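Trainee: what's the 3D shape of this:
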Amino acid sequence: MMMTRLALPESDLASFVARFTGTVIGPDDAGYPAARAVWNGMIDRYPALIVRPRTTGEVAAAVLLAADHDLPVAVRGGGHNVAGLGVCDTGVVIDLADMATVQVDADTSTIRAGGGCTWGRLDAAAAEHGLATPGGLISSTGVAGLTLGGGIGWLARKYGYSCDNLIAVELVTADGSTVVAAEDQHPDLFWAVRGGGGNFGVVTSLTFRGHPVSTVLGGLLLYRGDRAGEVLAEYRRWAAELPEAMTTLAALNTAPPAPFVPADLQLTPAVAVALCHVGDPSEGNALLDRFRAACPPDADAVDPMPYPVLQSMLDASAPHGQRNYWKSGYLDALQPDLQRTVIAAAARMVSPFDQIHLNQLGGAITTNTGGAVGHRDDAYVINVIGACTDPADDAANIAWVQDSWAAIEPFTTGGYLNFLAGDDGADRVRSAYPPETWTRLEHIKRDWDPHNAFHINHNIRPTG
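Mentor: The predicted structure is shown next:
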């Protein structure tokens, strides 16, 4: 095991700790192994110091401590990023877990979340007031990280990406300043953080526009794997005609050993169509009945449910510590050749946790134009997910993803920031944006982080 020591004088560290009311964890502390672990079990990094601030001022102090001693900085919101960007070797991790409060203003329909908040916490608080804002697909995902990269979720076609619903962001910049970015305050910075990732500072709070969402029609239809061609062909036709009130996801995976799954289908290759309809459940069922009639499911688990229940529906498929390796990209259409390629790749899965997801876009994602997030006119994001629990299986899973991706990538139009893996290079990061957007992001990065202090991310280097 690699143990790292903090490359700064003991007197400087002692002075920092004396002024810091939050938690400071070093390699010799009992809590260090758990504190350095992130959601993706493949990530094995050893920071020299982990700090958990309680205030924005303490975040600034940690940023300046690292800057004064030329140490790398990683920022951890939920720690859920597949690339493991919330932890680093030899540097300082700013873990925002103790800055996770949620404040809901029902009168203005706004939701304010701390930088360490997860979607499960935000959803529960907002639901008490009959509100929601677009989040992700797994409730343990961090609000800040998902939002800064765009934010695909169950409400996306109805209300846009998570970043489309931002009203304001508070962040600590590279020089230790605290700023609020909004349409009328630092508008260039506000544009950049909506899709530009964690390149511009440490986000300490986010304020969202809430929407009247309580009960939704949600769940999934499940099919035997040998019906994949039939299901995907019909899904392609059906999904193209859906109104923006319905967001769907098609997945090729292994059927879970869940009560709603027939015994003979459990733990066998399967195809799932998961969905969320916002509005009258009878209208959603009418839309879904067209698909049910064309493709009668082998298992049907679609019902009206509280939105937070839907938001946690897939949590069991993405547990903390599972070992993950992904490749992902945007698609302008579900071409028949792509569908055949995906089905062939799924037939070679090596782990029962492997999956291929087709996340439907369109609707409000297309019509919203604010922020730096790119590829708004594309129809889907595909995500090839290699996952296992035993390190001995890593090589086989990585090889399956890479081989599958070699066949799938030619159909893609660029990368989606939140799903990029740690070995996706600079060209893949750049592919997430149109050229003019990339150039503008480089200039804004220069203005706010000229020395690239925040580089443990899908990095945008400052120009000049």
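
Trainee: look at the closest residue to Ser162 other than its chain neighbours and give its secondary structure.
Mentor: Counting by Cβ to Cβ, 6 or more residues apart in numbering, Gly151 is the residue found nearest to Ser162 once chain neighbours are left out, at 2.5 Å. All C-beta spots, glycine's among them, are computed from the backbone N, C-alpha and C. Assigned with DSSP: H, G, I helix; E, B strand; the rest coil, Gly151 falls in the coil class.

Trainee: pull the contacting residues for Gly151.
Mentor: Taking Cβ atoms under 8 Å, 6 or more residues apart in numbering, we find Gly151 in contact with 134-136, 161-163, 418.

Trainee: closest to Arg290 among those residues?
Mentor: Minimum distance to Arg290 across the contacts of Gly151 is 25.2 Å, recorded for Pro134 (Cβ to Cβ).

Trainee: you'd agree the closest one is in a helix?
Mentor: No - looking at Pro134 with three-state DSSP, it is coil, so not inside a helix.

Trainee: state the phi and psi torsions of it.
Mentor: With angles defined as degrees, to the nearest 10, Pro134 sits at phi -60, psi 120.

Trainee: again with Ala364
Mentor: Torsion angles, degrees, to the nearest 10, at Ala364: phi -70, psi -20.

Trainee: pLDDT value on it, please?
Mentor: With respect to pLDDT, Ala364 scores 97.

Trainee: okay, now the closest residue to it other than its chain neighbours: neighbour count?
Mentor: The shortest distance from Ala364 to any non-neighbouring residue, by Cβ to Cβ, 6+ apart, is to Gly160 (4.2 Å). Per other Cβ atoms under 10 Å, the neighbour tally for Gly160 reads 27.

Trainee: so Gly160 touches Ile365, yeah?
Mentor: Yes - the criterion here is Cβ atoms under 8 Å, and Gly160 meets it with Ile365 at 5.7 Å.

Trainee: name all residues that make contact with Val273.
Mentor: Contacts for Val273 were tallied using Cβ under 8 Å, 6+ apart; they are 220-221, 223, 231, 235, 248-251, 291.

Trainee: and the residues you listed, which of them are in helices?
Mentor: 231, 235, 291 (DSSP state H).

Trainee: which one of those residues has the most neighbours?
Mentor: Val231 (26 neighbours).

Trainee: need the contact partners of stretch 120-136.
Mentor: Residues outside stretch 120-136 that contact it (Cβ under 8 Å, 6+ apart) are 100, 102, 104, 106, 109, 111, 113, 119, 139-141, 143, 146, 151-156, 158-162, 164-165, 208-214, 306-308, 311-312.

Trainee: and that stretch, how far out from the chain's middle?
Mentor: 16 Å (Cα atoms, centre = their mean, to the nearest Å).

Trainee: kindly report the same for stretch 307-324.
Mentor: Distance, centroid of stretch 307-324 to centroid of chain: 12 Å (Cα atoms, centre = their mean).
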